[in-house]
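J.: how would this look folded up:
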Amino acid sequence: MLLNEKDSRTTMEMTLQSNLLIGDFPQDEHPCHYCIDFCYLSLLECKKCQINYCIRHGKICGCDSVRLVYRFSTRVLTELLGKLNLALRASQVINQVFCVQKCE
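T.: Have a look, this model is predicted:
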């Protein structure tokens, strides 16, 4: 999920470079207009139409007033992905040690 998010962000940043906002936004106010899912990590927000879209749905309304909104910067998202990978590896090592001890 996080890798797809990073790829989608890269694509959208090229298109909407000057219209980028990073900050927290209320969860209940930002469902995707297209799929109704909550846009947690990032969203496309159109001020003119007053609608939001998931980053994976792209700029559906076609207005010039669309901006890209991130809950976390791409740098922070990359750090989070690294921490998750470390935790996963640690968990796998613990499981392997536990299985070896249990089987002996």
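J.: and the end-to-end length of stretch 23-41?
T.: 10 Å (CA to CA, to the nearest Å).
J.: average pLDDT across it?
T.: Mean pLDDT, computed over stretch 23-41, is 76.
J.: quick one, strands of this structure?
T.: Ranges of strands in the chain, per DSSP state E, are 20-22, 42-46, 51-54, 66-70.
J.: the biggest helix by length in the chain vs strand 42-46, what angle?
T.: If you go by DSSP state H, the chain has its longest helix at helix 74-103. On the basis of axes from the mean of the first three to the mean of the last three CA atoms, to 10 degrees, helix 74-103 is oriented at 150 degrees to strand 42-46.
J.: what residues sit buried inside helix 74-103?
T.: Within helix 74-103, the residues scored as buried using 16 or more other CB atoms under 10 Å are residue 77. From N, CA and C alone the C-beta is placed, and that goes for glycine too.
J.: if residue 22 is in a bridge, with which residues?
T.: Judged by DSSP bridges, the bridge partners of residue 22 are residue 70.
J.: so who does it touch?
T.: Taking CB atoms under 8 Å, 6 or more residues apart in numbering, we find residue 22 in contact with 69-73.
J.: now with 10 Å?
T.: Counting by CB atoms under 10 Å, 6 or more residues apart in numbering, residue 22 touches 42, 68-76.
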